[in-house]
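Asks: this one's sequence-less:
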């Protein structure tokens, strides 16, 4: 069974490329040697893995699922970036099934923000692991070490923020479907993501 059609891969790649481009445009006056890899890692984990989690969990439940890029949203993403604002509207995974239960729909919706949590925690650990590993090895805080730390920490923070944002219980965000299924699952994941996104000092 093919998991992706050629058209879907093109749309997914185009959406990722445009969001990365918009981020770079907004931060064009910053150090591009940091901004570009941070954008690639951050968007690749926070956006792409989030959407793929929805897709694969839906397919696990027997539903058809496909990422669909929102062309108007991508144009607006670029327009806003040229105005100095980053407001990404790349598209979403559309799920087709007449037989999904409320629980299954809730789990599918939970999968995206939960993936953000896992990705963010792993990147957070990697960021500080780079610092500790460098110190233990006697390299110190070299420019390369600090660059790798900033890139990993930015990607972690982006995952936490995107996950927390998507847990807002307002349609069409994931939180609206999660809370309709299980308020405790919604409250637990939301609390963790909000704490990590807003109460852990950013780099």
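Replies: Looks like it came in fine. Since the structure is predicted, the reported quantities are computational estimates derived from the model, not experimental observations.
Asks: List the contacts of the nearest residue to residue 87 once chain neighbours are set aside.
Replies: Setting aside the residues directly before and after it, residue 87 is nearest to residue 80 in space (Cβ to Cβ, 6 or more residues apart in numbering), at 4.6 Å. Where you see a C-beta, it was placed from the backbone N, CA and C, and this is true even at glycine. Contacts here follow Cβ atoms under 8 Å, 6 or more residues apart in numbering; on that basis residue 80 touches 22, 86-87.
Asks: After the helix or strand hosting residue 80, which helix or strand is next?
Replies: Using DSSP states H and E, residue 80 sits in helix 71-82. Moving toward the C-terminus from helix 71-82, the next helix or strand (DSSP H and E) is strand 91-96.
Asks: what sits up against whatever helix or strand residue 193 lives in?
Replies: Per DSSP H and E, residue 193 falls inside helix 183-198. Counting by Cβ under 8 Å, 6+ apart, the neighbours of helix 183-198 from elsewhere in the structure are 106, 110, 113-114, 116-117, 120-121, 124, 157, 160-161, 163-164, 167, 169, 175, 178-179.
Asks: Out of the contacts of residue 80, which is nearest to residue 149?
Replies: Checking those against residue 149 with Cβ to Cβ, the nearest one is residue 86 at 22.1 Å.
Asks: and that closest one, how far is that from residue 78?
Replies: Relative to residue 78, residue 86 is positioned 11 Å away (Cβ to Cβ, to the nearest Å).
Asks: where do the contact lists of those two overlap?
Replies: Common contacts of residue 86 and residue 78 (Cβ under 8 Å, 6+ apart): residue 22.
Asks: Quick check: of the contacts of residue 80, which lies closest to residue 32?
Replies: The shortest gap between residue 32 and any of those belongs to residue 22, at 14.3 Å (Cβ to Cβ).
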